[in-house]
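[1] got a sequence here, can you model it:
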Amino acid sequence: MDATSDAGARRTRFESVAAEVVEPVRRYLARRTDAATADDVLGDVLLVLWRRFDDVPGTPLPWAYGVARNCLANAERGARRQQRVAARITAVDPPREIAPEDPEADERVRRALERVRPTEAELLRLWAWEELSPSEIAEVLGITPNAAGIRLHRARESFKAEFRKDRPGPGHDQVTEGDRT
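    Okay, the predicted model is just below:
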């Protein structure tokens, strides 16, 4: 038998075992947790079943219940960790509100950010609001520092163009430095 037919036979056996255990395990989980967690854990159980398929005994249901029990315990531990982190975050003082010096300019910035591409807006927010360097932005986005610098430059140019489109009406002071219109 070649590797392709072995893989096909393994998949066929897996589908058969999965079909046998999926509904009983789904009911097992539904009786122990909420529907969303049950669905997530069921997915984890099937993943373990696939990865450890060679370890599955001849009667797979009790084994699958044991896997489901362990996966559910892991999910509950993860939920408790998330709750502890959320509690710690809410205990930290929120940043103080800063009154805008020029509400009209802030509105123009918001509108300009809405008109640039979402990826450009995120780059600009990381750079301006979070005060990250291009190297730090690269780390956040999982790209090279050079790519971050290039993308940031392009995002700033796009933002400037969009910001200039939203100029105040006649009678307002406006900055035209660097403007080529």
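[2] now the residue most central in space within the chain: how far from Leu72?
    Nearest to the geometric centre of the chain sits Leu141, at 11.5 Å (Cα atoms, centre = their mean). Going from Leu141 to Leu72 by Cβ to Cβ, to the nearest Å gives 34 Å. In this view, the C-beta of every residue, glycine as well, is placed from N, C-alpha and C.
[3] Arg111 too?
    Taking Cβ to Cβ, one finds Arg111 at 48 Å from Leu72.
[4] kindly report the same for Ala79.
    Counting by Cβ to Cβ, the gap from Ala79 to Leu72 is 10 Å.
[5] quick one: which of the two has more around it?
    Shown here are Ala79 and Leu72; by other Cβ atoms under 10 Å, Leu72 has more neighbours (21 against 12).
[6] so who does the residue nearest to the centre of the chain touch?
    123, 126, 148 (Cβ atoms under 8 Å, 6 or more residues apart in numbering).
[7] how many residues are close by the residue nearest to the last one when sequence neighbours are not counted?
    The reference is to Ala148. Of all residues not flanking Ala148 in the chain, Ala138 sits nearest, at 3.8 Å (Cβ to Cβ, 6 or more residues apart in numbering). For Ala138, the neighbour count with other Cβ under 10 Å is 19.
[8] show the model's pLDDT score for Ala138.
    For Ala138, the pLDDT comes out at 86.
[9] before we move on, what about Pro24?
    Pro24 is assigned 94 on the pLDDT scale.
[10] ok, for it, nearest residue in space, not its chain neighbours?
    Spatially, and ignoring its direct neighbours in sequence, Pro24 is nearest to Leu61 (5.9 Å; Cβ to Cβ, 6+ apart).
[11] many thanks, we can stop here.
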